[in-house]
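Fold the following.
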Amino acid sequence: DLAKPENPIHEVGRVNEISRHFEDFLLIRLNAAEAYECSIPVNATGRSQRSGYPDLRLVHTASERVFYIDPKVYKLGSETSSFRSLYFEPKLETNKLGLTRRDYEGAVSTLCAGCGHDSISAAIIESCFKLNIEAYKVAKLSGIGCSSKAPAYFLEQSHGFNSVHGRMPSVATGANCANRDLMYLGVSGDGDSASIGLGQFVHAIRRQVDMVYFVENNGTYGLTKGQFSATNDLESKNKYGEDNLFKPIDLATMAIQLGATYVARSFSGDRDQLIPLIMGAMQHKGFALLDIISPCVTFNNHDSSTKSYDYIRDHNEAVGKTDFVPLGEEISTSYKEGSSTEISLHDGSKLALEKTDANFDPRDAGKALNFIREREKEGKVLTGLLYINDLAKDLNETLNVTQTPLSQLQQDVLCPGSEILDEINQSLS
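Next up is the predicted model:
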């Protein structure tokens, strides 16, 4: 076929253009064969990756095996051609939706190498994959800061809104009232939530906005070169040896006091603990806070920092091991008698908590607060599920909002008619 004069490959002179025509020709011929499906790979944004490597993606329809080829023509008009490289793609695990973990990814991260925020993004991807969540049913919201860049790195097919500094909670509140059918993931940082956005954070909890609120907590302002944030511990020093003069704000204890119905703290380096906590928060109805210590490798990972990888590993004390049990599955983890508690979530799934202290009860806000404070006096950072109330109402229930999302209501439902409006006006006179 390549040697035939009518082949368009003979109409071009440059090697790159020759190879491109060869790829197009091969794409057509391979798709004509019943045994294969051939396509051009796409990059993370869904755009055709014609200038990259490899050039063609080939699927064997019977076995569903995928491999990539990079075809090249080395001599114009010659039957001599080459598949310069050939490699196979391992068959990826799929969930109940037929999606792989790659389908839940986003753009390539531009954060510093080793940043804890990327580990959190990976845990969110894994949680959504395991829960069989459809990305178009998710809305990601953020403010300003290193943490607020993170939503770009997962669920690229979801909805998204990047608000101004500290104002993400109010945007989430409005969006949640307008469309209660979406799952809302708010991603913030210790500066965005504990300083300029503290008032918004407080009222989102008070109103019980149905959302998962991630605080990627590194105790520093990474975008502005390492100043202390409001969550940095009193005894901690910055990268330049300066002392922090003020006591920290503990967002987890504050959230419990304000009435948050799901409060957990974790460490970005503890994937086994973090993923079940995220899955539980996603299935919880009401305001769910995940305060995740996420070390800043550039400005707050030194020996004198209490938010460094080494410090948290040495001082981390988990309240217990948390397992997420999907709806319809049995709890397979075995616990010692009397040392575990089972918590039902609103969709019927369960959180199984193995308790390391018999006095700890995640349903008792007072005991949870005392337990956190006792461990704090010992220099420990308490992690795990700290508090849960699975019976509280969320914002939409409190406001008695219609089950049909407000964004989907039609004009004839929204407008009651002139007679009803006249009656309302007369009642106000």
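
any low-confidence regions in this structure?
Counting by pLDDT under 70, the low-confidence segments of the chain come to 1-22, 42-55, 70-91, 300-302, 304-309, 311-313, 315-317, 319-356, 358.

now the helices for it?
Here the chain has its helices, by DSSP state H, at 15-32, 116-130, 146-149, 168-178, 190-194, 198-206, 251-258, 271-283, 309-315, 365-377, 395-398, 411-414, 418-428.

From A139, how far off is the residue nearest the centre of the chain?
What sits nearest the mean C-alpha location of the chain, by CA atoms, centre = their mean, is I124, with 3.6 Å. Here I124 is placed at a distance of 13 Å from A139 (CB to CB, to the nearest Å). The C-beta positions use only the backbone N, C-alpha and C, and glycine is treated the same way.

now swap in K149 and tell me
17 Å.

Check D291 too.
21 Å.

So between those two, which is more surrounded?
Neighbours per residue (other CB atoms under 10 Å) separate D291 from A139, with D291 holding more: 25 against 22.

The more buried one bridge partners, please.
Beta-bridge pairing for D291 (DSSP bridges): V215, R265.

ok, back up a step: any residues in contact with both of I124 and A139?
Here I124 and A139 have L185 as joint contacts, going by CB atoms under 8 Å, 6 or more residues apart in numbering.

Nearest residue to A113 in space, please, no chain neighbours.
In this structure, A113 finds its nearest non-sequential neighbour in V297, 7.4 Å apart by CB to CB, 6 or more residues apart in numbering.

Verify the stated contact: that neighbour with G114.
Yes: in this structure, V297 is within contact of G114 by CB atoms under 8 Å, at 4.2 Å.

So for the two, which sits in the more crowded spot?
More crowded of V297 and G114, by other CB under 10 Å: V297, with 17 against 13.

Next up, the contacts around that one.
C112, A113, G114, C115, G116.

Kindly give a single PyMOL line that selects the buried subset of the residues you listed.
Buried residues within the contacts of V297, by 16 or more other CB atoms under 10 Å, are selected in PyMOL with:
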select buried, resi 112+115+116
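
any chance of the contacts of V297 in JSON lines, with distance to E423 too?
Output for these, formatted as JSON lines (distance: CB to CB, whole Å):
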{"residue": "C112", "distance to E423": "62"}
{"residue": "A113", "distance to E423": "65"}
{"residue": "G114", "distance to E423": "65"}
{"residue": "C115", "distance to E423": "59"}
{"residue": "G116", "distance to E423": "58"}
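
Which pair in the contacts of V297 has the greatest spatial separation?
Spanning the widest gap among these are A113 and G116, at 11.6 Å by CB to CB.

and R101, how many neighbours?
16.

Now it: closest residue in space that isn't a chain neighbour?
F129 (5.0 Å).

Quick one: residues contacting that neighbour.
N95, L99, T100, R101, Y104.

Can I have the buried ones of those residues as a PyMOL selection?
With 16+ other CB under 10 Å as the criterion, this PyMOL line picks the buried residues out of the contacts of F129:
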select buried, resi 95+99+101+104
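
Need the contacts of F129 in CSV (columns: distance to A392).
Listed next are the contacts of F129 as CSV, based on distance: CB to CB, whole Å:
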residue, distance to A392
N95, 30
L99, 32
T100, 36
R101, 33
Y104, 29
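
Going by distance to T224, which of the contacts of F129 wins?
Y104 (31.3 Å).

residues near the residue lying closest to that closest one once chain neighbours are set aside, how many?
Of all residues not flanking Y104 in the chain, I125 sits nearest, at 4.5 Å (CB to CB, 6+ apart). The number of residues packed near I125 is 20, by other CB under 10 Å.

Distance check, G280 against L182.
19 Å.

actually L391, not the one I wrote
23 Å.

who touches the nearest residue to V202 once chain neighbours are set aside in this structure?
Residue nearest to V202 in three dimensions, not counting chain neighbours: L258, with 6.1 Å by CB to CB, 6+ apart. Contacts for L258 (CB under 8 Å, 6+ apart) come out as V202, I205, R206.

What number of residues are in the vicinity of the closest residue to R375 other than its chain neighbours?
Nearest non-adjacent residue to R375, counting by CB to CB, 6+ apart: L382, 4.5 Å away. Under the neighbour criterion other CB under 10 Å, L382 is assigned a count of 22.

Quick check: bridge partners of L382?
Beta-bridge partners, per DSSP bridges, of L382: E317.

Quick check, it in contact with L369.
No: contact between L382 and L369 fails when scored by CB under 8 Å: they sit 10.7 Å apart.

Next one: the closest residue to I278 other than its chain neighbours from S121, what distance?
In space, and not counting its chain neighbours, I278 is closest to S127: 4.3 Å by CB to CB, 6+ apart. Plainly put, S127 is 11 Å away from S121 if you go by CB to CB.

and what of S63?
In terms of CB to CB, S63 sits 33 Å off from S121.

If you count surrounding residues, which of those two has more?
S121 (26 against 9).

I figured that one hits K149, correct?
No: using CB under 8 Å, S121 is not in contact with K149; the gap is 9.8 Å.

if I pick L251, what's in contact with it?
D190, S193, A194, F201, V215, N217, T231, L289, D291.

Which one of these is nearest to A175?
F201 (16.3 Å).

Which residue is the nearest non-sequential neighbour of that closest one?
Distances taken as CB to CB, 6+ apart place S193 nearest to F201, at 4.8 Å, with adjacent residues excluded.

That neighbour reaches G166, doesn't it?
Yes: using CB under 8 Å, S193 makes contact with G166 at a distance of 7.4 Å.

Overlap of the contact sets of those two?
Joint contacts of S193 and G166 (CB under 8 Å, 6+ apart) are G143.

Next one: N31 relative to L155, how far apart?
On the measure of CB to CB, N31 and L155 end up 31 Å apart.

more neighbours, these two?
Neighbours were counted for N31 and for L155 using other CB under 10 Å; L155 has more, 25 against 13.

show me what contacts that one?
Y104, G106, I124, I125, C128, A135, V138, K140.

I'd like those written out as a markdown table, with distance to D272 added.
Output for the contacts of L155, formatted as a markdown table (distance: CB to CB, whole Å):
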| residue | distance to D272 |
| --- | --- |
| Y104 | 19 |
| G106 | 23 |
| I124 | 15 |
| I125 | 16 |
| C128 | 17 |
| A135 | 25 |
| V138 | 24 |
| K140 | 24 |
